[in-house]
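K.L.:
Structure for the following, please:
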Amino acid sequence: MEYPKMITSLPQADISYEGLKGWILQGQTQQVVFLEIDPIGKVMEHTHRAQFGMVLEGEMSLTVGGETKRYRKGDTYVIPDGIPHSAVFHSKVYVVDFFDEPARYNEKKQQ
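P.N.:
Numbering: from 1, shown residues only. Below is the predicted model:
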């Protein structure tokens, strides 16, 4: 799978993880990010505002509030506001994440 040009022409997210990139669709009070994630292993536990996501391709595990579940193509997940969570990416994964905050990610500065 690859995202179409209409998505990859959106502003790219400034993400510090190697093997993880995303494109931002910005709203006034929320943000949607189209993520492409290599099988990078574990993303350490962290918190932020509420998040809703859908797996478009690939396989990953999410641990939310101490409970771990495996997610595949077509699965959705909700991470409540402020709940600690982490992820493990078992394969290349494409997800769409909706964040209940306007600036979860900043736009990557053009070089």
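K.L.:
Quick one: find the helix or strand in this protein with the lowest mean pLDDT.
P.N.:
Of all regular secondary-structure elements in the chain, judged by mean pLDDT, DSSP states H and E, the least confident is strand 41-46 with a mean of 91.
K.L.:
all strands of this protein, in order?
P.N.:
Listed in chain order, the strands found in the chain under DSSP state E are 20-26, 31-37, 41-46, 51-57, 59-64, 67-72, 76-79, 85-89, 93-99.
K.L.:
So Met54 sits against Tyr94, correct?
P.N.:
No. Applying Cβ atoms under 8 Å, one finds Met54 not in contact with Tyr94, separated by 9.6 Å. In this view, the C-beta of every residue, glycine as well, is placed from N, C-alpha and C.
K.L.:
quick one on the thing from earlier: name the helices or strands packed onto the least confident helix or strand of the chain?
P.N.:
Counting contacts by 3 or more Cβ pairs under 8 Å, 6 or more residues apart in numbering; DSSP states H and E, strand 41-46 is packed against strand 85-89.
K.L.:
One more pass at 10 Å, please.
P.N.:
Where contact means 3 or more Cβ pairs under 10 Å, 6 or more residues apart in numbering; DSSP states H and E, strand 41-46 is packed against strand 59-64, strand 85-89.
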